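[1] All I have is the shape, not the residue letters:
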């Protein structure tokens, strides 16, 4: 008798790989390990994904699309205070809280994975444009394009220092101070 069919096998593979990536680099994870963690056969995994890079591409798309949609939904929610200082806080908090997956993406991109690098750069352009648009809607005191890139670069720096465990930087306090700094318009 055949094993019961699992629905959404690709989602199961992606979720299993994401779980494994919480404790290992992609290069240290085998396709066999992913299949075992997902509770599927290697043949089933190979049917959906030929390489770990193919899985990483789908994880990248999922991760970056979710980040973009979350930002869009938050900025368009009329029931929320989405003023400029709150926008800064939101972007920094969200980016720092999702640092783990971005580190894997950056790692692969820096090691020469051109497809991941292109995906990241394209999404940075999209995020920058969206953030600049939202800044421009909220204030004319700051140049929107510059502020959008400043915010993205700041968030990357924060998550790197958080990941390093820098004892000289309290990330939460830094975000709070940044929000206050912007709120006062300095």
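    Thanks, I have the structure now. This is a predicted model, so every value here is computed, not measured.
[2] residues in contact with residue 35?
    By Cβ atoms under 8 Å, 6 or more residues apart in numbering, residue 35 lies in contact with 41-42, 44-45. No exception for glycine: its C-beta is placed from N, CA and C like everyone else's.
[3] May I ask which helix or strand encompasses it?
    helix 31-38 (DSSP states H and E).
[4] Enumerate the positions of that helix that are buried.
    Neighbour-count burial for helix 31-38, with 16 or more other Cβ atoms under 10 Å as criterion, is recorded at 31, 34-35, 37-38.
[5] could you give the mean pLDDT of the following helix or strand past it?
    Following helix 31-38 in sequence order, the next helix or strand is helix 42-48 (DSSP H and E). For helix 42-48, mean pLDDT is 94.
[6] For helix 42-48, enumerate the helices and strands it packs against.
    If you count contacts as 3 or more Cβ pairs under 8 Å, 6 or more residues apart in numbering; DSSP states H and E, helix 42-48 packs onto helix 9-21, helix 31-38.
[7] Not counting its neighbours along the chain, what's nearest residue 51?
    In space, residue 51 comes closest to residue 31 once its chain neighbours are excluded; the distance is 7.9 Å by Cβ to Cβ, 6 or more residues apart in numbering.
[8] So what's the predicted local confidence for that neighbour?
    As predicted, residue 31 sits at a pLDDT of 94.
[9] now it: how far from residue 144?
    As for residue 31, its distance to residue 144 is 44 Å (criterion: Cβ to Cβ, to the nearest Å).
[10] got the contact list for residue 95?
    Going by Cβ under 8 Å, 6+ apart, residue 95 touches 102, 152, 155-156, 158-159.
[11] Tell me which of the residues you listed fall in helices.
    102, 152, 155-156, 158-159 (DSSP state H).
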